[in-house]
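Undergrad: Got a predicted structure plus its sequence, pasted below:
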Amino acid sequence: MRFTLRVWRQRDVGSRGSLQTHEIDGISPEMSTLDVLDRLNEKLMREGQEPVAFERGCGKGSCGACSIVVDGRPYGAACQQRMSGFRDGATVVVEPFRARAFPVVKDLIVDRSALDNILLSASRVDDRCTGCGACVAACPNASAMLFAAANAPLEGEAHAERDANLLAMVRTHDAAGFGSCSGERVCQEVCPKGIRVERIALLNSEHLRAGLREKGTAPARGGRDSD
Amino acid sequence: MDFVKVDGRWRGVIARNLVTGWLERVAGSAVLLGDADPPTLLRAYKRGAPLTFREGAAGILGMGQAPQEETAPVSTEAVEFQEAEQAVSTRLRKLLAVPGSRPAAEFERELERLLSEEPSREVLAGAQALKERFWKEVRVPGSSESFNQALEQAGRVADLIELGELKVRDGLGSGGGSWQYRGERREPLEIHP
């Protein structure tokens, strides 16, 4: 198979980036986008040009390191995506995840430590997702609420520590420059772990109660739970 | 120090000077290596962080708890820091200045082919020739001023070639199930903030 690749090149966070066009041949359908980028990089290196910066991680779709946008769709596990999905001769656009909270390090690599900071702000989290950030890249508001909800400790009885964790996670989320959830629901379509937006609703309700308890305007066990 | 776990089994130990980035010691005992061939340890090293666990390995290896004590922050004004920084930037400049034309990945593949053979005088000569050619023929694009994966890779391949040569040397010498390399002994780094 042969493709026209349009790849985002950006020197660093302070520079302007642009799409660079490359023709690439000899691609087999079972190769991933990352393998195609490898092939492109070998060609660039032979020509004495700088290779495209991108990340590889576990190669099994469980770490989220290799996440990129391919043809407008964010892939949280680009290593699992095959070129067989494209027709021969197609133009494929490869870009980094775009969000204010994810500054571009170089080319296709973004700094997603804003997600780590959400986890670090809590003393305990339910680690349910790979932290790829595809939900953020897909969201028109660049909201990380699916990520926060996936990892927030929402099960079991409410208690002071859990309340503090929920409040801290949402506060850190907002401060990092992630937008609010406005119910677009695209995040759940791109989540490699299949996390659903209902989890955000659960976080929102628990977060509201935690906020009320913090202000002392709600009983220790709030709402209908205490009936 | 990193402990290397491959396919659920502990296979080796890598000690790296965290200040200078140099490899100080690489070891894999017969017990640790199990049925692994030495290149397994090299492959594990190449894969890097995802395969390393510190505290867990310390228990398994019978070394007790991994040290947890806090160390005082190192001043960037310290002589040792300046020396280490100097050493690293010299090495980076050297890699970038090689007037060659071949990507580092090609040398890595050549090394892998070489190491898949039984250790012999010829293989050792091949590894030494590879090292010499690497430092004459590699091409590292970009600069050391910004994030540069080609430079990272070239540094790693240079390390691997070094390790490969040691591995062949050891294979010639002992023929046993364990192998070990100890870098030149240095006095422990004393840092006065």
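TA: Alright, I've got the coordinates.
Undergrad: Determine the number of other residues adjacent to residue A:4.
TA: 13 (other C-beta atoms under 10 Å in any protein chain shown). Bear in mind the C-beta positions are built from the backbone N, C-alpha and C, glycine included.
Undergrad: Could you confirm it falls within a helix?
TA: No - counting by DSSP: H, G, I helix; E, B strand; the rest coil, residue A:4 is not part of a helix but strand.
Undergrad: so what's it up against?
TA: A:21, A:22, A:23, A:24, A:89, A:90, A:91, A:92 (C-beta atoms under 8 Å, 6 or more residues apart in numbering or on different chains).
Undergrad: Name all residues that make contact with the fourth one.
TA: Contact criterion C-beta under 8 Å, 6+ apart gives A:2, A:3, A:4, A:5, A:36, A:39, A:40, A:43 as the residues in contact with residue A:24.
Undergrad: one step back: would you list the buried entries among the contacts of residue A:4?
TA: Buried positions within the contacts of residue A:4, assessed by neighbour count (16 or more other C-beta atoms under 10 Å in any protein chain shown), are A:24, A:92.
Undergrad: Can you lay out the contacts of residue A:4 as TSV showing secondary structure and distance to residue A:54?
TA: Shown next, in TSV, are those (DSSP: H, G, I helix; E, B strand; the rest coil; distance: C-beta to C-beta, whole Å):
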residue	secondary structure	distance to residue A:54
A:21	strand	17
A:22	strand	14
A:23	strand	19
A:24	strand	15
A:89	coil	23
A:90	coil	20
A:91	strand	19
A:92	strand	14
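Undergrad: Out of the contacts of residue A:4, which is nearest to chain B?
TA: Lowest distance from chain B to these (C-beta to the nearest C-beta) belongs to residue A:22, with 15.5 Å.
Undergrad: follow-up on the earlier one: buried ones only from the contacts of residue A:24, please, as a PyMOL command.
TA: To isolate the buried ones among the contacts of residue A:24 in PyMOL, judged by 16+ other C-beta under 10 Å, type:
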select buried, chain A and resi 3+5+36+39+40+43
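Undergrad: Return the item of the contacts of residue A:24 having minimum pLDDT.
TA: For the contacts of residue A:24, the weakest pLDDT value sits at residue A:43, with 89.
Undergrad: picking that back up, tabulate the contacts of residue A:24 (TSV), appending distance to residue B:78.
TA: Converted to TSV, those look like this (distance: C-beta to C-beta, whole Å):
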residue	distance to residue B:78
A:2	55
A:3	52
A:4	52
A:5	47
A:36	46
A:39	45
A:40	43
A:43	44
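Undergrad: Up against chain A, what does chain B have?
TA: B:50, B:101, B:103, B:105, B:139, B:141, B:142, B:146, B:147, B:148, B:149, B:150 (C-beta under 8 Å from any C-beta of the partner chain).
Undergrad: From residue A:66, how far off is the most centrally placed residue in chain A?
TA: Most central in chain A under C-alpha atoms, centre = their mean is residue A:133, positioned 0.9 Å from the mean C-alpha point. Distance of residue A:133 to residue A:66, given as C-beta to C-beta, to the nearest Å: 12 Å.
Undergrad: How confident is the prediction for residue B:185, by pLDDT?
TA: 45.
Undergrad: give the contact list for residue A:16.
TA: residue A:10.
Undergrad: Return the residues of chain A in contact with chain B.
TA: Counting by C-beta under 8 Å from any C-beta, chain A sits next to chain B at A:11-12, A:42, A:44-46, A:48-51, A:53, A:57-58, A:63, A:105-106, A:109.
Undergrad: Can I get stretch B:98-105 in CSV? Just the C-alpha atoms.
TA: Extracted C-alpha coordinates of stretch B:98-105, given in CSV (Å, rounded to 0.1, in the frame of the first residue of the first chain):
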residue,chain,number,x,y,z
VAL,B,98,30.2,12.5,13.8
PRO,B,99,30.3,13.4,10.0
GLY,B,100,28.6,10.1,9.0
SER,B,101,25.5,9.2,7.0
ARG,B,102,24.0,6.1,8.7
PRO,B,103,21.1,6.1,11.2
ALA,B,104,21.9,4.6,14.6
ALA,B,105,19.2,2.0,14.1
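Undergrad: what does that stretch rub up against?
TA: Contacts of stretch B:98-105 (C-beta under 8 Å, 6+ apart): A:42, A:45-46, A:48, B:134-140, B:150, B:153-154, B:156-157.
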